[in-house]
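> predicted coordinates and the sequence they were generated for:
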Amino acid sequence: MNILGIETSCDETAAAVVKNGRTILSNVVASSLKEHTKYGGIIPEIASRHQLELINPIVDKACTKAHCTLKDIDAICVTKSPGLIGSLLVGLSFARALSFAIQRPLCEVDHIKAHLYANFLSLDNGKKPKANKKPKLPAIGLIVSGGHTSLYYIKNMHDYQLLGQTRDDAAGEAFDKVARILNLGYPGGPVIDKLARKGKNKTIQFKYADLPHTFDFSFSGVKTAVLYYTQQFKNKKHIPLEEIAYSFQESIVSILVKKSLEACKKKRVKTLVAGGGVAANSRLREKLTTKAKEHKINVHFPPLELCIDNAAMIAGYGYHHLT
Ligand code: KG4
Ligand code: ZN
């Protein structure tokens, strides 16, 4: 079964063709990110206008790359929510119209749950499908993106139970806002990740909010702590950017790792899957893998290109809701 996936929840316009919910035949992503960087964040109106311009050529490109035409598509899956309303509308309207035109079923899926599904996909280079190990269910799902930070208990593809979520900023949002405080540009996650590698220290500490006995998160306090700490360097030439980046990142990563492992323990599961833009963070990947190993838990991270918003995860996750 060939499924065409369409994703337009934010600044990415993405289309993909996925076979039987697992093998990626094509995965095309365009982004209007450059248009937003000067504003320090995504401007919804600009994002939706770009979605309109890009949706047709991107869907065409996904079909061409998969060596198929619309006749070979058996169903369409599209992101329903959450996301920016204008951007979502472009993908949804396009998918509904296409489904009607080619007389194929349509499935509208949840973007967040689909992020975790990126771990169940297999990349196909056209010749040899690279069979990465499929995570075993039930599992705990950690979703960390620019808009969301949540922990799920995944019983099966139809049963996701929300255990906790952020009460204020999402983890990625905290990275972006701290980068803004430090004048590092947008998006902040990749820059902070890189700087932090050279900033190991024990002198600067930003305490994380524990919120004991819950699986909820709070990142706004850490962000404010960074703001107050940096104020002392206001009229100084040197600001220890690498050290601040390191300590901030350690704080975020520590609480993500702690709560994820606690959730595994509470639900007695031995599989942990991560997803979302912040799942690309090198320190999170390293620390979660090491700590999980100590508890004999198998951790799965999607390949970097599937951490960001993409349509392969939408097609793959939707497959289980069509069949
Ligand atoms: O999942 P995503 O592409 O979009 C949303 O659905 O939100 O995530 C984007 C977020 C941004 O906040 C960005 O700063 C963050 O992911 N991000 C990272 C890294 N790469 C992207 N955060 C930390 N470390 C990274 N390497
Ligand atoms: Zn996303």
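Good, I have the coordinates. Numbers count the residues shown, from 1 in each chain. Ligands and ions are numbered 1, 2, ... in the order given.
> what does the protein put close to ligand 1?
10, 145-147, 172, 175-176, 187-190, 193, 276-278, 280-281, 308-309 (Cβ under 6 Å from any ligand atom). Yep, even glycine has a C-beta here, placed from its N, CA and C like the rest.
> change it to 5 Å
145-147, 172, 175-176, 187, 189-190, 193, 276-278, 280-281, 308-309 (Cβ under 5 Å from any ligand atom).
> now, of those residues, which are buried?
Taking 16 or more other Cβ atoms under 10 Å as the criterion, what is buried in the residues of the chain next to ligand 1 is 145-147, 172, 175-176, 187, 189-190, 193, 276-278, 280-281, 308-309.
> and the helices in the chain?
33-37, 44-65, 85-102, 111-117, 171-181, 188-196, 220-231, 241-267, 282-294, 304-307, 312-322 (DSSP state H).
> now for these, which one comes closest to ligand 2?
Closest to ligand 2 of those is helix 111-117 (Cβ to the ion; 5.5 Å).
> could you export the closest one as PDB, keeping only the C-alpha atoms?
Only the C-alpha atoms of helix 111-117 are listed here, as PDB (Å, rounded to 0.1, in the frame of the first residue of the first chain):
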ATOM      1  CA  HIS A 111       1.200  15.600  14.400                       C
ATOM      2  CA  ILE A 112       2.700  14.800  17.900                       C
ATOM      3  CA  LYS A 113       1.900  11.100  17.900                       C
ATOM      4  CA  ALA A 114       3.300  10.900  14.300                       C
ATOM      5  CA  HIS A 115       6.600  12.400  15.500                       C
ATOM      6  CA  LEU A 116       7.100   9.300  17.700                       C
ATOM      7  CA  TYR A 117       6.300   7.100  14.700                       C
END
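> how close does the nearest residue to His320 once chain neighbours are set aside get to Leu98?
Nearest non-adjacent residue to His320, counting by Cβ to Cβ, 6 or more residues apart in numbering: Met157, 3.9 Å away. For Met157, the distance to Leu98 equals 24 Å [Cβ to Cβ, to the nearest Å].
> more neighbours, these two?
Leu98 (19 against 16; other Cβ atoms under 10 Å).
> check that one and give its pLDDT.
On the pLDDT scale, Leu98 is placed at 98.
> in contact with it, which residues?
Leu4, Val59, Leu70, Ile76 (Cβ atoms under 8 Å, 6 or more residues apart in numbering).
> the last one reaches Pro105, doesn't it?
Right, Ile76. Yes - applying Cβ atoms under 8 Å as the test, Ile76 and Pro105 come out as touching, 7.4 Å apart.
> those two: who's more crowded?
Just comparing Ile76 and Pro105: by other Cβ under 10 Å the higher neighbour count belongs to Ile76, 26 against 12.
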